[in-house]
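[1] here's my sequence, what's the structure:
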Amino acid sequence: MQSTTAEVNIHIRARVHDKLLIDKAVELLGSNRSQFMMASALEAAKNVILDQTSIYVDSQAFQAVLDLLEAPASQEQLDGMKRLSSAKAPWPNE
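    Take a look at the predicted model:
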C-alpha cells in the first residue's frame, strides 16, 4: 500500500528569481510549492527514464529491426515479452 505521508525531506537551493517564478506558478495553480515541485520533479524523472527507451540507428539497422518485427516470434522471444509485460514501472501507481 502506498503511503500518502511524506517519508523523507528533499532540500534544494535556488536563486531568488527561480523561487519567485515557481511561486507565481504555484499561485496560478492554487497549489503549494512542495506539491508543485514534487509533481514537476516526478514528471521529469519519469520522462528521463522513458527517454532511455529511444534508440537511434541508421536506415540499414532500422530495416533489420523491421525484418525482425515481421518475422514470427520464437518461444524464447515470447517468454521474454511475457516477462517484460509483467514488469512493474519503477514508480508507484498513481
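
[2] for the helix or strand that contains residue 40, buried residues please.
    Per DSSP states H and E, residue 40 falls inside helix 33-51. By neighbour count with 16 or more other CB atoms under 10 Å, helix 33-51 contains the buried residues 36-37. From N, CA and C alone the C-beta is placed, and that goes for glycine too.

[3] also stretch 11-24?
    Buried residues in stretch 11-24, defined by neighbour count with 16+ other CB under 10 Å: none.

[4] quick one: low-confidence parts of the chain?
    The model of the chain has pLDDT under 70 over residues 1-3, 94.

[5] what about the helix holding residue 40, distance to the chain center?
    8 Å (CA atoms, centre = their mean, to the nearest Å).

[6] other residues contacting whatever helix or strand comes next after it?
    Per DSSP H and E, helix 33-51 leads on to helix 59-70 as the next helix or strand towards the C-terminus. The contact list for helix 59-70 (CB atoms under 8 Å, 6 or more residues apart in numbering) reads residue 57.

[7] quick check: next helix or strand after helix 59-70?
    Using DSSP H and E, the first helix or strand after helix 59-70 is helix 75-85.

[8] from the contact counts, what lies against that following helix?
    In this structure, helix 75-85 packs against no helix or strand, with contacts taken as 3 or more CB pairs under 8 Å, 6 or more residues apart in numbering; DSSP states H and E.

[9] quick one: the strand or helix carrying residue 18 to helix 33-51, angle?
    Per DSSP H and E, residue 18 falls inside helix 16-29. Relative orientation of helix 16-29 versus helix 33-51 (axes from the mean of the first three to the mean of the last three CA atoms, to 10 degrees): 100 degrees.
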